[in-house]
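In: Here is a sequence together with a model predicted from it:
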Amino acid sequence: MTTGCVILAGGEGKRMKSERPKVLCEVLKKPMLGWVLDAAEEFGFDEIGVITGFKCELTEEYLQTRSGNITTYYQKKQLGTGDAVKQAMELVKGVDCVCVLNGDAPFINAETLRRSFEFHKSSGEDVTVITAEIDDPTGYGRIIRENGEFTAIREHKDCSPEEAKICEVNSGAYWFNAKALAAALPRLTSNNANGEFYLTDCVELIGRAGAFTSDDPDIVLGANTRKALFELNEKARERVFERLMNDGVDFIVKDGIIIGPDVKIGCDTLVLPNTVILGKTTIGKNCEIGANSHIEDCVIGDNVKLDNVKAVESTVEDNVKIGPFAQLRPGTVIRRGVKIGDFVEIKNSDIGENTSVAHLTYLGDSDVGRGVNFGCGCVTANYDGVNKFRTEIGSNAFIGCNTNLIAPVKVGENATTGAGSTITKEVPPNSLAVERSQTRIIENWQKNFKRKKK
Ligand code: UD1
Ligand code: CA
């Protein structure tokens, strides 16, 4: 049986008051659409389609950043969820079974999709709606049952006062027999409080309908407003804390700590306040991360200490100490045992094992060997205003305080640069390069100076 998934992402989301499509609003810094796509990709559909509409170019741009094979269908006017699915008729007609998902309900997951699909197949119904019981059903479509039998979904605005009390709601996720869906979509009308073509009316049109009630009520939660989005963020944040604590990660307090849903952290690692860890970051065991650190898309080894560090798209191997107040910019690799101190910035560079960059230094586009020592205030001048060049420093070199290395330039193994030197030529191994004038001593200078002034 072939399966297709249609994700609804065309709506403007007026209530969100955003200039971007609502589905790009983020939960833990990841667009809601991304959460839904992750669930769909993990389930393993044969086809995935996304309905775009409002500011579709922004949705397309986001989809470009993902690796999966996704087809987009453009909905010119946002005439409702039923009209949205109609745009993907080509996909619907190409598979046996269609799953429709709301792009603004990020907590749907592959496990729920698997279980509801099994239920759908075994029930033999033409449509299965994934539902859940929630405390406050305001805004959601209610599940209408007659003598316990599921018969219809009633949108909030169309509910009678009695129906409005029902707490079992539509998650916006459904399984359809593709043929039944293709036949029902053209029959939808917009005869309702919103004047929209509701996908939910397919339930009555198709008739043969079942409800799969999820035991995880969070899967229905969607965000139509900033307040709802904030609540999703809080829930998602708590879920991440719980998962990480189960994995043996330590927190003294949760204050100001934001960790993305895809972050992995090893046991005995302590995360300190005001630390934000995002993207596909992985952190090893027994580390101390924070306080006040921002780590994004990094691979961090074991026994690493990051104190007031910002690091993006970088790799840090085991037993490294960085900070306080240091920055690793994209493309940086810090090898085992390195020490990086305060006010150091490193960009697109490879820093060899046990090297020390202790204070006030900028290394950009550099390849540094093992055991190198940088004095205070060293700078690689990697940019001449037009092009960028690399600096190469051999193992066990000693770069004196305030050395400027004008790239492209090489410093050989065991070489030394004198403090204050501006190095423009290759420094051979084991040599000393000094570039500064002799100190002149003018005796009694201060006295003379004062006399002249009078
Ligand atoms: C919808 C369901 C409701 C359910 C709730 C769960 C309908 C009629 N109602 O309501 O029963 O409880 O989801 O969250 O389906 N979209 C389009 N094109 C459109 C309109 C919407 O692509 O013309 C997309 C939106 O971007 C959104 C999704 O469809 O991702 C759902 O639309 P939304 O307006 O948020 O529906 P709800 O009112 O939340
Ligand atoms: Ca919604």
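Out: Thanks, I have it. Residues are numbered from 1 along each chain as shown. Ligands and ions are numbered 1, 2, ... in the order given.
In: Please list the residues of the stretch 151-300 of the chain that sit near ligand 2.
Out: Selection of the stretch 151-300 of the chain residues close to ligand 2 by Cβ under 5 Å from the ion yields 222, 224. C-beta: built from backbone N, CA, C; applies to glycine.
In: residues near the residue of the stretch 151-300 of the chain found nearest ligand 2, how many?
Out: At 4.0 Å from ligand 2, Gly222 is the closest residue in the stretch 151-300 of the chain, using Cβ to the ion. By other Cβ atoms under 10 Å, the residues close to Gly222 number 21.
In: Hmm, it is touching Ala173, no?
Out: No - counting by Cβ atoms under 8 Å, Gly222 stays clear of Ala173, with 10.4 Å between them.
In: still on that earlier bit, determine the three-state secondary structure at the residue of the stretch 151-300 of the chain closest to ligand 2.
Out: When classified by DSSP: H, G, I helix; E, B strand; the rest coil, Gly222 comes out as coil.
In: hang on, Ala180 is in a helix, isn't it?
Out: Yes - counting by three-state DSSP, Ala180 is part of a helix.
In: Contact partners for it?
Out: 126-127, 206, 208 (Cβ atoms under 8 Å, 6 or more residues apart in numbering).
In: Can you pull the residues that touch both of Gly222 and Ala173?
Out: Joint contacts of Gly222 and Ala173 (Cβ under 8 Å, 6+ apart) are 102, 105.
In: Would you agree Phe119 falls within a helix?
Out: Yes - according to three-state DSSP, Phe119 belongs to a helix.
In: Tell me which residues touch the residue nearest to it when sequence neighbours are not counted, please.
Out: Distance criterion Cβ to Cβ, 6 or more residues apart in numbering; nearest residue to Phe119, sequence neighbours excluded, is Phe212 at 4.6 Å. Phe212 makes contacts with 115-116, 119-120, 128-131, as judged by Cβ under 8 Å, 6+ apart.
In: swap in Glu353?
Out: Counted by Cβ under 8 Å, 6+ apart, Glu353 has contacts 317, 335-338, 370-371.
In: Could you confirm it falls within a strand?
Out: No - Glu353 is assigned coil when assessed by three-state DSSP, not a strand.
In: and it, what pLDDT?
Out: The model reports Glu353 with a pLDDT of 98.
In: need the longest helix for the chain.
Out: When the chain is scanned for its longest helix (criterion: DSSP state H), the result is helix 226-246.
In: So which bits of that helix are buried?
Out: For helix 226-246, burial by neighbour count (16 or more other Cβ atoms under 10 Å) applies to 228-229, 232-233, 235-237, 240-241, 244.
In: What's the separation between the closest residue to ligand 1 within the stretch 51-200 of the chain and Val85?
Out: Nearest to ligand 1, among the residues of the stretch 51-200 of the chain, is Gly141, at 2.2 Å (Cβ to the nearest ligand atom). Here Gly141 is placed at a distance of 15 Å from Val85 (Cβ to Cβ, to the nearest Å).
In: Sounds good, over and out.
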